[in-house]
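A.B. asks: Here is a sequence with its predicted model. Questions after.
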Amino acid sequence: MSEKNYQRVYIGRDVLAEDRIEAATQRDLWTRQGTLVVNLVSSPGAGKTSLLEATAKHWQGRHSTAVLVGDLETDRDAQRLSPWTKVAQLTTGGACHLQMPLVRSGLRALGNPRVDFLFIENVGNLVCPASHDLGEHLRVVVLSVTEGDDKPAKYPKMFRTSQVMVISKADLLPHVPFEVDAAIADARRTQPEIACLTLCASNGAGITPWCQYLEQTRQRMLENLPCETT
Amino acid sequence: MHEQGLARSLLREVKAVWAQHPGSTVSQVDVQAGPLSGVEPLLLADAFARLTQEQFGTSIELVVHQVPLTAICNQCRREVTIERFRFVCPECGGTRLTETQGDCLKLLSINLAAVA
Ligand SMILES: Nc1nc2c(ncn2[C@@H]2O[C@H](COP(=O)(O)OP(=O)(O)OP(=O)(O)O)[C@@H](O)[C@H]2O)c(=O)[nH]1
Ligand SMILES: [Mg+2]
Ligand SMILES: [Zn+2]
């Protein structure tokens, strides 16, 4: 027994380290099965589901896709997507972001499909989803032009942790004070490597380049795979 | 809202350490947070106090040490401080930087006291 009645134990570990490792393991698994996983984040109503509808329609018969869509309540987004893709609704109750166990249960509900592209539509929220790696290859932040071009500067963590920024609802640009270049400049201050795409899910403008971007990213992922010995 | 989840994750880590030291109580927990941790220090300390009060009938003090954001430049390999989330190396202009501090919630230490 020590004389001291007081002791300090040093740890020095990220509290979410286990989650990070779990996400990395999952990412590795998806890479090896050839599934490119995209985590879509945005504020509520930025147009995530509309973008996914347009994407799934665009790829009909060309690529297999699945969508896990998170919302606090209702399966409305899943219903919108179901004509075009495999889809499971994840209802989070009160939770403002998705976490790995929900993603896993959604995948099980779909029978763990092997698809070319898996999209995870996160809960509309520019804050909390930024702190949760879901094992995705790409985090895509959707910013609609009606939200204002100052959002990349106001939500640094979300933009810092994203690889792609999609500026959505471009058809509304003539009606709102939104400077595309200013939004991109702010996003690139926080994340210089971020890829930026401007599009409109309603009229389809920019959907083809978006889909090509995803196809190229998946192609690069497949090419970097270690050769399987037969 | 996020702070509650973090407080729970933190308490889980604390309990794991505590379990290895029978006959002691936890008197204080120290963590490190920074501008990209996604943590509001006051809210986290409050969430942790409530959670421990609920579970042990007495709250454990959480001390949050705030640190600046730092990163290592992948081009010149220098470690630099990131001001106002501007991720460009002030030394060489490099744009590929990897965070080294201030982007996560880190459990630093746990103070244990012998049960009287
Ligand atoms: N004008 C215009 N409206 C759009 C466009 N894309 C989506 N919308 C509208 O914006 C609203 C929200 O779109 P959703 O696709 O449901 O947005 P969301 O991000 O999935 O919303 P949550 O899941 O609730 O966060 C709907 O009324 C859409 O019709 C667009 O390109 N142009
Ligand atoms: Mg939606
Ligand atoms: Zn540098």
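C.D. replies: Arrived safely. Residues are numbered from 1 along each chain as shown, chains lettered A, B, ... in the order given. Ligands and ions are numbered 1, 2, ... in the order given.
A.B. asks: So B:Leu105 is in contact with A:Arg13, correct?
C.D. replies: No: using C-beta atoms under 8 Å, B:Leu105 makes no contact with A:Arg13, being 10.1 Å away. No exception for glycine: its C-beta is placed from N, CA and C like everyone else's.
A.B. asks: neighbour count winner among those two?
C.D. replies: More crowded of B:Leu105 and A:Arg13, by other C-beta atoms under 10 Å in any protein chain shown: B:Leu105, with 22 against 13.
A.B. asks: how much space between that one and ligand 1?
C.D. replies: Separation of B:Leu105 from ligand 1 (C-beta to the nearest ligand atom, to the nearest Å): 27 Å.
A.B. asks: What number of residues are in the vicinity of residue 108?
C.D. replies: Using chain A. A:Arg108, neighbours per other C-beta under 10 Å, totals 10.
A.B. asks: Oops, wrong one, chain B.
C.D. replies: 16.
A.B. asks: Point me to the helix or strand that includes B:Thr100.
C.D. replies: Element membership for B:Thr100, per DSSP states H and E: strand B:97-101.
A.B. asks: Note down every partner strand of that strand and its orientation.
C.D. replies: Partners of strand B:97-101 in the sheet, by DSSP bridges, are strand B:70-73 (antiparallel).
A.B. asks: Helix, strand, or coil at A:Gln219?
C.D. replies: helix (DSSP: H, G, I helix; E, B strand; the rest coil).
A.B. asks: Could you check how far it is from chain B?
C.D. replies: Relative to chain B, A:Gln219 is positioned 22 Å away (criterion: C-beta to the nearest C-beta, to the nearest Å).
A.B. asks: got a list of what A:Leu118 touches?
C.D. replies: A:Trp30, A:Thr35, A:Leu36, A:Val37, A:Val38, A:Thr65, A:Ala66, A:Val67, A:Leu68 (C-beta atoms under 8 Å, 6 or more residues apart in numbering or on different chains).
A.B. asks: Which residues are in contact with A:Arg188?
C.D. replies: A:Ile194, A:Cys196.
A.B. asks: If you count neighbours, what's buried in the least confident helix or strand in chain B by mean pLDDT?
C.D. replies: Least confident helix or strand, chain B: helix B:2-18 with a mean of 91, by mean pLDDT, DSSP states H and E. Using 16 or more other C-beta atoms under 10 Å in any protein chain shown as the test for burial, helix B:2-18 gives B:His2, B:Glu3, B:Gly5, B:Leu6, B:Ala7, B:Ser9, B:Leu10, B:Leu11, B:Glu13, B:Val14, B:Val17, B:Trp18.
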